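Asks: Kindly generate the corresponding structure for this input.
(one chain, ligands or ions: 1)
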Amino acid sequence: MIEESVFFTKPSKAMRVRRLPTPESTADLIRKQIQDRPRLGIILGSGFGSVAKAISIEHIFSYRDLPGFPHAGAPGHAGQLILGHWHGASIVVLNGRSHYYEGFGPSEVTFPTRVLAALGITLLLITNAAGGINPDFKVGDFMVLRDHINFMGMNPLRGPTAPKKSRFVDMTFPYDTTLASHLADAAKEMNLAVHRGVYLAVSGPSFETPAEIRAFGALGADAVGMSTVPEVIVGRHCGLRIAGLSCITNAAAGLGGASQVVSAEEVLAVAQDNGLIATHLIGNFVKRVVHSALSL
Ligand code: HPA
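Replies: Below is the predicted model:
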C-alpha cells in the first residue's frame, strides 16, 4: 500500500534507498517514451474498453510495468495506460481501473489519476457502469454526471497532504459544465438521448439492497456505482477539469421487476454491448474539445 505521506513528505534516507514510486517519478518514466504532451486524459471503466481500439496508439504500458499502479483485476479492465492520438488530440487513456472493493487503499486507487495530472493533463473524462435509480432511465442509456454523492465511507484526501496544497478541496463544481455540455452536444449529434444526473458511489462489492436504493433515490441519486468519486476528488485536488459519463447497465436493486436480480455479468455485458455507441460518443466529445476554446 502506498501511503499518501510518501508522495508529499521529504523522503527519508530509508525511503530514498527503497525508491518508492511517486506520481512524478512514474510520470517521468512515461514521458521518456512519448513526443507529445497529452492534455486530455480518459479513464475507461467497466465495459468501456473497446473505446481504446479507436485511438491511434503511440505507446502502451501494462500497469504491471508502471511503478505504483495497482493491478486492475476486475473483469473488463485491461490494465493498460495508452498514449496516442484521437481526432488530432494527444491523449492518455487508462484502460481499466482498480477499485476500492478489490482491497486497494484510497491512495492506491487514485495513484493513476495523480500520474495523469503529473503528466500535465488539464482535462479528464471518467467513465463507469452504473445502476439506474431514476425511473426515467433505461438499460443502455448514458448519463452525464452533474454531481455526485460520496457514500463510499472514505475520502482519498484523508491524511498528509502536499506542502502548499490544501486538503480542503472545494467540491461545489466537481464536474466541469463546459465539458458536460460538450458531452451532451456530442450525444445530440448522434441523436442519442443522454440524461444528466447525480452519481452515488458505494464501496461495494455487494450490490445494494432495495431499501438502500430507495434511500439513495430519496437522497437525490439518479444512478449508483462503485468507482469514479475517488478519482474525481483527487482530480479536483490536482486542479483538473472533469467530465463524468455513466452507462446505465441495469435497473438498480428492486427496480427491475419482481424477480430481477443484479449481476456483475449483466453489468459487463450491457456495457460491452454499448461499446460502439460509447466509442462514437466519446470520439465526438474529443472532437468538440479539440475544436473548442479549451486549451489542449
Ligand atoms: N450498483 C452498484 N454498482 C453498479 C451497479 C449497481 O446496480 N451497476 C453497475 N455498477
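Asks: what are the ranges of the strands in the chain?
Replies: Secondary structure of the chain (DSSP state E): strands at 40-44, 56-62, 80-86, 89-95, 123-132, 142-151, 194-202, 223-225, 241-251.
Asks: The fifth one: which residues count as buried?
Replies: It stands for strand 123-132. For strand 123-132, burial by neighbour count (16 or more other CB atoms under 10 Å) applies to 123-132. (C-beta placed from N, C-alpha, C; glycine too.)
Asks: and what of the second one?
Replies: Residues of strand 56-62 classed as buried under the neighbour-count rule (16+ other CB under 10 Å) are 58, 60-61.
Asks: Isn't Leu40 up against Leu125?
Replies: Yes: shown here, Leu40 and Leu125 form a contact pair, counting by CB atoms under 8 Å, at 7.4 Å.
Asks: Quote the end-to-end distance of stretch 172-183.
Replies: 20 Å (CA to CA, to the nearest Å).
Asks: Which residues of the stretch 51-200 of the chain lie near the ligand?
Replies: 129-131 (CB under 6 Å from any ligand atom).
Asks: want to try JSON lines for those, with pLDDT as columns?
Replies: Formatted as JSON lines, these follow (pLDDT from 0 to 100):
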{"residue": "Ala129", "pLDDT": "94"}
{"residue": "Ala130", "pLDDT": "97"}
{"residue": "Gly131", "pLDDT": "97"}
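Asks: closest to the ligand among these?
Replies: Of all these, Gly131 has the smallest distance to the ligand: 2.2 Å, by CB to the nearest ligand atom.
Asks: Which per-residue confidence value corresponds to the closest residue to the closest one other than its chain neighbours?
Replies: Computed as CB to CB, 6 or more residues apart in numbering, the closest residue to Gly131 that is not its neighbour in sequence is Ala252, at 3.7 Å. For Ala252, the pLDDT comes out at 96.
Asks: For Thr113, list the residues it contacts.
Replies: By CB atoms under 8 Å, 6 or more residues apart in numbering, the residues touching Thr113 are 43, 124, 231, 234-235, 238.
Asks: Low-confidence bits of the chain, can you list those?
Replies: 1-18, 72-77, 293-296 (pLDDT under 70).
Asks: So which residue is dead centre in it?
Replies: Ile126 (3.3 Å; CA atoms, centre = their mean).
Asks: Quick check: bridge partners of the residue nearest to that one when sequence neighbours are not counted?
Replies: In this structure, Ile126 finds its nearest non-sequential neighbour in Ile43, 4.7 Å apart by CB to CB, 6+ apart. For Ile43, the beta-bridge partners are Leu94, Ile126 (DSSP bridges).
Asks: Show me where the stretch 151-296 of the chain has its helices.
Replies: 177-189, 210-219, 229-237, 264-273, 275-291 (DSSP state H, counting those that start in this stretch).
Asks: would CSV of these with mean neighbour count and distance to Pro156 be doable?
Replies: CSV is the format used below for the helices of the stretch 151-296 of the chain (neighbours: other CB atoms under 10 Å; distance: least, CB to CB, whole Å):
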stretch, mean neighbour count, distance to Pro156
helix 177-189, 18, 21
helix 210-219, 15, 21
helix 229-237, 25, 5
helix 264-273, 18, 24
helix 275-291, 19, 25
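Asks: To Pro160, which of those lies closest?
Replies: With CB to CB as the measure, helix 229-237 is the member of those nearest Pro160 (12.8 Å).
Asks: elements contacting that closest one?
Replies: Packing partners of helix 229-237 (3 or more CB pairs under 8 Å, 6 or more residues apart in numbering; DSSP states H and E): helix 106-109, helix 111-119, strand 123-132, strand 142-151, strand 194-202, strand 241-251.
Asks: If we use 10 Å, what do you get?
Replies: Judged by 3 or more CB pairs under 10 Å, 6 or more residues apart in numbering; DSSP states H and E, the packing partners of helix 229-237 are strand 40-44, helix 106-109, helix 111-119, strand 123-132, strand 142-151, strand 194-202, strand 241-251.
Asks: and that helix with the ligand, contact?
Replies: No: judged by CB under 6 Å from any ligand atom, helix 229-237 stays clear of the ligand, getting no closer than 11.9 Å.
Asks: What is the distance between that helix and the centre of its chain?
Replies: In terms of CA atoms, centre = their mean, to the nearest Å, the centre of helix 229-237 is set 9 Å apart from its chain centre.
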